[in-house]
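J.: quick check, what structure comes out for this input:
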Amino acid sequence: MTSVSWGPAPDGLDQPFWDGLDAGEVRIQRCSSCRTWSWGPRTVCGTCHSFDLAWAPVEPAGIVYSWTRSRVPHVAEYTDRVPYVSVLVALPAAGHCRMPGILDDEPDDPRIGDRVSGYVDHEAARPLLRWRRMPGQKSGAA
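T.: Residues are numbered from 1 along each chain as shown. All right, here's what the predicted structure looks like:
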């Protein structure tokens, strides 16, 4: 496999997320004590301070919370893909926990509140969470 600059953290804390992408699903942490969903990976629940966190699959569908268009590649693998849009997506099925990802190439800017669905892109050297706008979304371009 080609070396890539994104993937599991050296401490292995996010390995279950990457294992989920390898299996074709999105997994995030949920506290077994208070049932709060959380991202990014952690060892302690930010709500109740329990150490009892488990990884669970979640439906990759949500709402654009924030976005930015990158015109300079932040990883070497994206040198020939600029500009690209990074999004932060609120997941209703996970208590509106927010997940990052790349939005599929579109000529128009997304809008805050656009509905998106996520999928695992297996075309890259390592699986990557990507998002696409759901049909019927209005253009954000002025």
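J.: domains for this protein, by residue range?
T.: 12-58, 59-142 (automatic domain parsing).
J.: for W6, which of those domains is the nearest?
T.: Closest approach to W6 among these (C-beta to C-beta): domain 59-142, 6.0 Å. Quick note: C-beta positions are derived from backbone N, CA and C, even for glycine.
J.: let me see the mean pLDDT of the closest one.
T.: In this model, domain 59-142 has an average pLDDT of 88.
J.: that one: how far from the chain's middle?
T.: Here domain 59-142 is found 8 Å from its chain centre; the criterion is C-alpha atoms, centre = their mean, to the nearest Å.
J.: if we can go back for a sec, I'd like the domains of the chain as TSV, with mean neighbour count and distance to W6 appended.
T.: Output for the domains of the chain, formatted as TSV (neighbours: other C-beta atoms under 10 Å; distance: least, C-beta to C-beta, whole Å):
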stretch	mean neighbour count	distance to W6
domain 12-58	15	9
domain 59-142	15	6
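J.: which strand residues bridge T68?
T.: S86 (DSSP bridges).
J.: hang on, it packs against Y84?
T.: No: using C-beta atoms under 8 Å, T68 is not in contact with Y84, being 9.7 Å away.
J.: let me see the backbone angles for S66.
T.: Here is the backbone geometry of S66 (degrees, to the nearest 10): phi -160, psi 160.
J.: so it sits against A90, correct?
T.: No: S66 lies out of contact with A90 (C-beta under 8 Å); the separation is 9.3 Å.
J.: could you pull up the residues touching the closest residue to A93 other than its chain neighbours?
T.: Closest residue to A93 apart from its sequence neighbours, by C-beta to C-beta, 6 or more residues apart in numbering: E59 at 4.3 Å. By C-beta atoms under 8 Å, 6 or more residues apart in numbering, E59 lies in contact with 26, 91, 93.
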